[in-house]
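Asker: need the 3D shape of this:
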Amino acid sequence: ALSPAALGNDWLLDFLIRVPFVLSNLLLALLVYLEVLRFAPRAANLALALVAFNPALIFATAYWGQADAPCALLIAASLVALVRGRPEWAWAALTAAALVKPFAYPIAPLMAFETARRFGTRRTLRAAVASLAVGCIALLPFAQAGRGLDALQSLVTQIDAMPYISVNAHN
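Answerer: Predicted coordinates for the structure are as follows:
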């Protein structure tokens, strides 16, 4: 399947591009299941089914090939980490989500507020350092190639690339 001749097949290439997105959706369903299992064990199977068989997630991922699933998984993981008392991991996951897609940006101030409220200034600063470390590690290859500022600028300016309410679901 991975021979050079097979990679010329558009169907196979589309399939291989969508595999990480489908896996992200499945991991999101598992994460929701495990978290609901902690608080409401009788509802865990229903929560799993609602996420895993959500028609919108299936259609957006399998048909359109939208790349929202990895970002959604990382946002959910950050919220779970915060709820479980691990703000450093929460901020690291949220930073990874923001590097995947700017969809995660609005969560950052909420995460900062809740971290400061629940854990205090010292722990919030530690979480910010964890976030900064993840960002620096992710941007290191770009910096080594002399494109660090370009990559950083892209993360800040891409939010205005399509400032529309809807462009046939590409929003």
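
Asker: buried residues in stretch 47-61?
Answerer: Across stretch 47-61, burial judged by 16 or more other C-beta atoms under 10 Å covers 47-48, 51-52, 57, 60-61. To be clear about C-beta, it is placed using only N, CA and C from the backbone, and glycine gets the same treatment.

Asker: try stretch 23-37
Answerer: 24-25, 28-29, 31-33, 35-36.

Asker: about what we covered before: between the buried residues of stretch 47-61, which is closest to Q153?
Answerer: For Q153, the nearest member of the buried residues of stretch 47-61 is A60. The distance, counting by C-beta to C-beta, is 28.3 Å.

Asker: that older thread, sort out for me which of the buried residues of stretch 23-37 are in helices.
Answerer: If you go by DSSP state H, the buried residues of stretch 23-37 have 24-25, 28-29, 31-33, 35-36 in helices.

Asker: in contact with L110: list those residues for me.
Answerer: Going by C-beta atoms under 8 Å, 6 or more residues apart in numbering, L110 touches no other residue.

Asker: name the nearest residue to A128, ignoring sequence neighbours.
Answerer: Once flanking residues are discounted, A128 sits nearest to W91: 6.7 Å by C-beta to C-beta, 6 or more residues apart in numbering.

Asker: what's the local residue count around that neighbour?
Answerer: Per other C-beta atoms under 10 Å, the neighbour tally for W91 reads 27.

Asker: so it: helix, strand or coil?
Answerer: Three-state call for W91 (DSSP: H, G, I helix; E, B strand; the rest coil): helix.

Asker: in the longest helix anywhere in the chain, what's buried?
Answerer: Counting residues, the longest helix in the chain under DSSP H turns out to be helix 107-144. With burial defined by 16+ other C-beta under 10 Å, the residues of helix 107-144 counted as buried are 107-108, 111-112, 114-115, 119, 124, 127-128, 130-131, 134-135, 138-139.

Asker: now that helix, how far from the centre of its chain.
Answerer: Centroid separation between helix 107-144 and its chain, computed with C-alpha atoms, centre = their mean, to the nearest Å, is 15 Å.

Asker: any idea of the mean pLDDT in that helix?
Answerer: Averaging pLDDT along helix 107-144 gives 95.

Asker: ok, now stretch 24-33?
Answerer: The model assigns stretch 24-33 a mean pLDDT of 95.

Asker: stretch 64-74 now?
Answerer: Averaging pLDDT along stretch 64-74 gives 87.

Asker: can you give me how far that stretch is from the chain middle?
Answerer: For stretch 64-74 - counting by C-alpha atoms, centre = their mean - the centre lies 7 Å from the chain centre.

Asker: and it, what's buried?
Answerer: By 16+ other C-beta under 10 Å, the buried positions in stretch 64-74 come out as 66-74.
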